[in-house]
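Novice: Please work out how this folds:
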Amino acid sequence: MSDLVPRPHDDRESVVRVLHVDDEPAFLDLVATYLERTDDAFEIRSETDVDAALDAIESEPIDCVVSDYEMPGTDGLAFLERVRERDPTVPFVLFTGKGSEEIASEAISAGVTDYLQKRSGTDQYTVLANRVRNAVDQSRSRTALAASQERLSRFIEQSPLGTIEYDEEFQIVRANTAAEEILGYSESELVGGTWARFVPEEVHRHVAEVERQLLSDRGGYQSINENVRADGERIRCAWHNQVVTDDDGEVISVFSQFEDVTDRTDRKRELERTNAVLSTVLDTLPVGVLAEDADRRVLRVNRHLYDLFELGGDPAAAIGRDCAQFAVEMSELFDDPEAFVARIESIVDRRRPVDDERVTLADGRVFLRTYRPVDLSDGHGHLWAYRDATADR
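Specialist: Down below sits the predicted model:
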């Protein structure tokens with residue numbers, strides 16, 4: 001009795017199309033009956049003629065070939081050679097009554113997938129069914145893996161992000177075209193080396209610690225680092241690193257995808273400096289200033305505006321507020337609240353400059369209002385300025 005048992009039907013991926021070649025028709029019928037009974041996913045095509053079997057391989061999807069060894073005018077290994085000319089990967093099981101060690105050794109050397117000697121009793125068909133199933137499952141797994149690797153290779157090569165693949169010891173095994181362009185090294189120069197070539201020496205210890213954490217935690221890591229191109233130029237890159245593990249949790253590779261963000265970082269720093277200067281200017285102006293974005297949300301309001309209208313709180317907390325609602329709340333400070341709100345809406349709708357327009361508050365003070373439309377990257381904004389002109393009356 002074989003120690004292999006048929007798999008439950010629910011585990012089967014799909015139909016298994018088996019081509020069985022033997023010069024004994026009665027034996028073919030017997031094998032087909034037992035195989036289909038043992039595994040109902042099997043579909044058996046039986047042939048006594050080798051040429052007819054080869055035609056079937058060329059014209060039909062065959063998942064596994066089962067062949068006798070001794071057949072008229074040929075043998076199983078000669079048949080295998082002709083099969084391989086038509087399909088280099090289809091599993092081939094030699095099922096023969098010729099049972100010498102010499103035949104078995106020759107069959108293995110010739111590249112058969114499996115070798116099984118015919119015996120008496122029905123247990124041999126269960127063994128054959130399992131051998132065929134295992135051969136097909138392994139073949140399908142290899143095909144799926146190859147397809148997956150091909151898709152991964154295409155994705156990596158076509159990715160606009162630089163991509164470097166490391167092995168479990170953090171040696172570079174692959175780099176795509178984008179990585180070559182960003183770092184200035186060819187793939188052949190990078191493969192076999194480490195990240196030390198393009199990481200500044202002063203941060204080697206830090207990156208080594210990141211490497212240790214990646215391998216230890218089996219996770220991912222994101223960072224923006226300074227890197228050194230082949231020509232010595234220093235750039236800043238955003239890195240996204242991810243560890244890949246097998247079913248046992250062992251590291252099999254590490255993928256690093258990255259992009260050159262030098263210009264973006266420089267622009268951000270310049271914007272931060274510009275904003276700092278503007279903030280200082282706004283806070284020192286002798287007028288109250290309110291800036292709105294395209295959705296009429298507060299972009300910036302200075303302290304002087306709060307002081308003019310005697311508003312409490314931190315002006316920075318107003319950022320993001322609805323300016324239309326803000327105007328309604330402030331309208332109570334004016335002698336004609338409804339006219340104040342209506343005039344604000346009219347100015348916004350027309351988007352025409354307004355200079356030193358007089359507005360009167362409920363307490364008798366007079367302010368001068370100036371308005372300018374502002375073109376922003378995401379639409380039309382609005383800039384308001386108020387100054388106290390009470391003493392000028």
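
Novice: Which residue ranges of the stretch 1-150 of the chain form helices?
Specialist: All helices of the stretch 1-150 of the chain, identified by DSSP state H, counting those that start in this stretch, fall at 25-38, 50-59, 76-86, 101-110, 123-158.

Novice: quick check: angle from the longest one to helix 25-38?
Specialist: What separates the directions of helix 123-158 and helix 25-38 is an angle of 70 degrees, with axes from the mean of the first three to the mean of the last three Cα atoms, to 10 degrees.

Novice: Buried residues, helix 123-158. List them.
Specialist: For helix 123-158, the neighbour count (16 or more other Cβ atoms under 10 Å) marks 124-137, 139, 156 as buried. (C-beta placed from N, C-alpha, C; glycine too.)

Novice: Dump the helices of the stretch 1-150 of the chain to CSV, plus mean pLDDT and distance to Asp378.
Specialist: As requested, these are exported to CSV (pLDDT from 0 to 100; distance: least, Cβ to Cβ, whole Å):
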stretch, mean pLDDT, distance to Asp378
helix 25-38, 91, 67
helix 50-59, 92, 62
helix 76-86, 91, 62
helix 101-110, 77, 70
helix 123-158, 83, 31
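
Novice: Turn those into JSON lines, including distance to Leu299.
Specialist: As requested, the helices of the stretch 1-150 of the chain are exported to JSON lines (distance: least, Cβ to Cβ, whole Å):
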{"stretch": "helix 25-38", "distance to Leu299": "75"}
{"stretch": "helix 50-59", "distance to Leu299": "71"}
{"stretch": "helix 76-86", "distance to Leu299": "71"}
{"stretch": "helix 101-110", "distance to Leu299": "77"}
{"stretch": "helix 123-158", "distance to Leu299": "40"}
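
Novice: Which one of the ones you listed lies nearest to Leu19?
Specialist: Set against Leu19 and scored by Cβ to Cβ, those come closest in helix 50-59, at 5.7 Å.

Novice: Can you name every helix or strand that the closest one contacts?
Specialist: For helix 50-59, the elements it packs on are strand 16-21, strand 42-47, helix 76-86, judged by 3 or more Cβ pairs under 8 Å, 6 or more residues apart in numbering; DSSP states H and E.

Novice: just the strands in the stretch 151-300 of the chain please.
Specialist: 162-166, 172-175, 220-228, 234-245, 251-260, 288-292, 298-301 (DSSP state E, counting those that start in this stretch).

Novice: pLDDT below threshold where in the protein?
Specialist: Low-confidence segments of the chain, defined by pLDDT under 70, span residues 1-13, 98-102, 149, 218-219, 264-278, 281, 392-393.

Novice: Pick out the residue nearest the middle of it.
Specialist: Phe155 (9.1 Å; Cα atoms, centre = their mean).

Novice: List the residues that contact that one.
Specialist: Under the criterion of Cβ atoms under 8 Å, 6 or more residues apart in numbering, the contact list for Phe155 is empty.

Novice: hmm, back to that, which one of the helices and strands packed on helix 50-59 is the most hemmed in?
Specialist: strand 16-21 (a mean of 23; mean count of other Cβ atoms under 10 Å).

Novice: What pairs with that one, parallel or antiparallel?
Specialist: Under the criterion DSSP bridges, strand 16-21 sits next to strand 42-47 (parallel), strand 64-67 (parallel) in its sheet.
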